[in-house]
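K.L.:
For reference, the sequence and a predicted model appear below.
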Amino acid sequence: MRTQVVIIGSGPSGLLLGQLLAKAGVETTILEQKSKDYVLGRIRAGVLEQGAVGLLEEAGAATRLHSEGLVHEGIEIAFDGARHRVDFKALTGKTVTVYGQTEVTRDLMDARAAIGAPTVYEALDVTLSDLESERPKVRYVEDGKDCEIECDYVAGCDGFHGVGRRSIPETVLRTYERVYPFGWLGVLVEKPPIAHELIYINHARGFALCSMRSTTRSRYYLQCRLDERVEEWSDDRFWEELTRRLDPEIARSLQTGPSIEKSIAPLRSFVAEPMRFGRLFLAGDAAHIVPPTGAKGLNLAASDVAYLSRALIERYSVGSLEGLDGYPKKALARIWKAERFSWWMTQMLHRFPESSGFDQKMQTAELDYLFSSKAAQTALTENYVGLPY
Ligand SMILES: Cc1cc2nc3c(=O)[nH]c(=O)nc-3n(C[C@H](O)[C@H](O)[C@H](O)COP(=O)(O)OP(=O)(O)OC[C@H]3O[C@@H](n4cnc5c(N)ncnc54)[C@H](O)[C@@H]3O)c2cc1C
C-alpha cells in the first residue's frame, strides 16, 4: 500500500489534519489503535479558541458547532469571598466557544466518512521505519494480518503515549517537564450549568472549576491529592466538597445529580523538541502537554495542525519545503507561550502543598493586581482567547 501522508492517531489533531489535507487534495490514511466508539467515548476538553473554530470551519466540520456551541464572552474568578469577571469581548473583541471535544471528534469523523478518506481503527503494533529516507514505512497489524504502508510523510498525532515521539532517537529528542503536586477530579453531570460562564475558584480548600459542555450538561473539577482514588469519591462527597469551595450565593444555583463520568487527571507541563525527525512530524499531545487550567490542550493541537497542514499543502501544491523546514520553530514558539500561560494560571489558582507564607502572599498579590488592572486582564484575555497563528 502507498499514500502521501500516514497520520497516526484519530484524536482531534489527526482528524483535523486529515480533513484539511483531504480538502486540498492530499491523500492520507489514518491509523488508530482504538475502536471508533472508544475514541468517541473519551471525555476531555471543551473550550475552543476562535482560531480552532476557524479551522473547523475550513475543514467543513463546523455546522453543528455553530448551532450547538455556546459563545462565551468572559470568565469569572472567585477568590477570598468575591467573584471577579474578566470580560474578553470588552477587552479584546474576541470570544471562546464551549463545545465538547467528543463532539469535535464526531463532527470530524463524519466529515472524513463523507469524503471517503480511509481510517483504520484497531490498527495495532504500529511501527515507523526509514523516517530519514524518501520513503518512510509504517507497519501495523489489522485483524491479525501484518500490513505495511509506504508514504512521503508521517504525522505523529498519537497523543502523549503514542509511538510517534518514541520513534525519535533519544540522542535527538530533548524534553522539558514539570509535574504538579495535585490532580483534577472531574465529574460530568446531565444538569444545566451553575452559571452562564466558567467560574475558576481559588479557595483555601483547593482549586475548583465550574465548567460545562452544553446548556444541559455540566463539568465540575476539584483539585485533589495525587494519591486519591476515584472510588473514594462518591457523588455525594464530590457535591459536598464543591459546595464548600463555592461562595454561598452561587452555591444556591448548583444542580447536582448522578455523575455520568468521574475521573482523576494528573497535571503536567511537558514539551518535546524538535517536533520533527526526518519525514516524521509531531503535532498535538504527542509533542506537548499543558495543565488544563488555561484550556489550551485541544487548542494547541489545532494550531500545530494549522502550521503543519499549510506546510504539507505547500509541499504538494508548489513543491516548496520551506514550510516543513520551518514547522518546528514556528509551532514551538506558540507552544511555549501557551505553556507559560497554562503554568501561570495553574500557579495563580491552585493551593500548593509546599507553599510558604511568602508564596501565599505572592499569589494574593498576583490576584489583587489582576482584579484591579485592565492591562493584566487584557494579557490574560489575549492568551485565553488564543494568540494568533
Ligand atoms: C483525561 C484528560 C482530560 C483532559 N481535559 C482537558 C480539558 O479539560 N481542557 C483542555 O483544554 N484539554 C484537556 N485535555 C487535553 C486535550 O484533550 C488534548 O490536548 C487533546 O486531546 C489533544 O489531541 P491529540 O489529537 O493531539 O491527542 P489525543 O486526543 O490523545 O489523540 C491521540 C490518538 O492517538 C491514538 N494513539 C495513541 N497511540 C497510538 C498508536 N501507537 N497507534 C495508533 N494510534 C495511537 C489514541 O488512541 C488517540 O485516539 C485533557 C486530556 C486528558 C487525557
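P.N.:
All right, it came through fine. Numbers count the residues shown, from 1 in each chain.

K.L.:
so residue 158 sits right up against residue 286, yeah?
P.N.:
Yes. When contacts are counted by C-beta atoms under 8 Å, residue 158 is listed as touching residue 286 (5.5 Å). Using the backbone N, CA and C atoms, a C-beta is placed for each residue, glycine as well.

K.L.:
shared neighbours, these two?
P.N.:
Residues within reach of residue 158 and of residue 286 at once, by C-beta atoms under 8 Å, 6 or more residues apart in numbering, are 9, 164.

K.L.:
can you list the residues of the stretch 1-150 of the chain near the ligand?
P.N.:
By C-beta under 6 Å from any ligand atom, the part of the stretch 1-150 of the chain that sits against the ligand consists of 8-14, 31-34, 39, 44-45, 101, 123, 126.

K.L.:
In helices, which of those fall?
P.N.:
Assignment to helices by DSSP state H places the following of these there: 12-14, 39, 101.

K.L.:
Relative to residue 133, which of the residues you listed is nearest.
P.N.:
Nearest to residue 133 among those, counting by C-beta to C-beta, is residue 14 at 23.0 Å.

K.L.:
Which residue does the stretch 201-350 of the chain have closest to the ligand?
P.N.:
Among the residues of the stretch 201-350 of the chain, residue 284 lies closest to the ligand, at 2.1 Å counting by C-beta to the nearest ligand atom.

K.L.:
how about the strands of the stretch 1-150 of the chain, start to end?
P.N.:
With DSSP state E, counting those that start in this stretch as the definition, the stretch 1-150 of the chain shows strands at residue ranges 5-8, 28-31, 47-48, 70-72, 74-79, 82-87, 96-98, 119-120, 124-129, 137-142, 145-150.

K.L.:
er, the stretch 201-350 of the chain actually
P.N.:
All strands of the stretch 201-350 of the chain, identified by DSSP E, counting those that start in this stretch, fall at 208-212, 218-224, 259-273, 276-277, 280-282, 288-289.

K.L.:
Make JSON lines from these and add mean pLDDT and mean neighbour count to it.
P.N.:
As requested, the strands of the stretch 201-350 of the chain are exported to JSON lines (pLDDT from 0 to 100; neighbours: other C-beta atoms under 10 Å):
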{"stretch": "strand 208-212", "mean pLDDT": "97", "mean neighbour count": "24"}
{"stretch": "strand 218-224", "mean pLDDT": "97", "mean neighbour count": "24"}
{"stretch": "strand 259-273", "mean pLDDT": "97", "mean neighbour count": "17"}
{"stretch": "strand 276-277", "mean pLDDT": "98", "mean neighbour count": "21"}
{"stretch": "strand 280-282", "mean pLDDT": "98", "mean neighbour count": "27"}
{"stretch": "strand 288-289", "mean pLDDT": "98", "mean neighbour count": "26"}
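
K.L.:
could I get those strands as TSV with distance to residue 79?
P.N.:
As requested, these are arranged in TSV below (distance: least, C-beta to C-beta, whole Å):
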stretch	distance to residue 79
strand 208-212	12
strand 218-224	14
strand 259-273	20
strand 276-277	42
strand 280-282	37
strand 288-289	27
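
K.L.:
Now tabulate the ones you listed in CSV and tack on distance to the ligand.
P.N.:
As requested, the strands of the stretch 201-350 of the chain are exported to CSV (distance: least, C-beta to the nearest ligand atom, whole Å):
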stretch, distance to the ligand
strand 208-212, 7
strand 218-224, 7
strand 259-273, 4
strand 276-277, 16
strand 280-282, 9
strand 288-289, 7
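
K.L.:
Now stretch 170-183 - C-alpha only, PDB.
P.N.:
As requested, the backbone C-alpha atoms of stretch 170-183 are provided in PDB (Å, rounded to 0.1, in the frame of the first residue of the first chain):
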ATOM      1  CA  GLU A 170      17.000   9.700  22.300                       C
ATOM      2  CA  THR A 171      20.100  11.500  21.000                       C
ATOM      3  CA  VAL A 172      17.900  13.800  19.000                       C
ATOM      4  CA  LEU A 173      15.000  14.400  21.400                       C
ATOM      5  CA  ARG A 174      15.000  17.000  24.200                       C
ATOM      6  CA  THR A 175      12.200  17.000  26.800                       C
ATOM      7  CA  TYR A 176      11.200  19.600  29.400                       C
ATOM      8  CA  GLU A 177       8.700  18.700  32.100                       C
ATOM      9  CA  ARG A 178       7.000  19.900  35.300                       C
ATOM     10  CA  VAL A 179       4.800  17.600  37.200                       C
ATOM     11  CA  TYR A 180       2.400  19.400  39.600                       C
ATOM     12  CA  PRO A 181       1.800  18.000  43.200                       C
ATOM     13  CA  PHE A 182      -2.000  17.600  42.600                       C
ATOM     14  CA  GLY A 183      -4.600  16.400  40.200                       C
END
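
K.L.:
Let me know whether that stretch sits next to the ligand.
P.N.:
No. Under the criterion of C-beta under 6 Å from any ligand atom, the ligand is not reached by stretch 170-183; the shortest gap measures 10.0 Å.

K.L.:
quick check: mean pLDDT across that stretch?
P.N.:
Predicted confidence along stretch 170-183 averages 97 (mean pLDDT).

K.L.:
Can you list the buried residues in it?
P.N.:
Using 16 or more other C-beta atoms under 10 Å as the burial criterion, the residues of stretch 170-183 that qualify are 180, 182-183.

K.L.:
Specify which member of these is nearest to the ligand.
P.N.:
Of all those, the one with the least separation from the ligand (C-beta to the nearest ligand atom) is residue 183, at 10.0 Å.

K.L.:
A strand includes the closest one, no?
P.N.:
Yes. Counting by DSSP: H, G, I helix; E, B strand; the rest coil, residue 183 is part of a strand.
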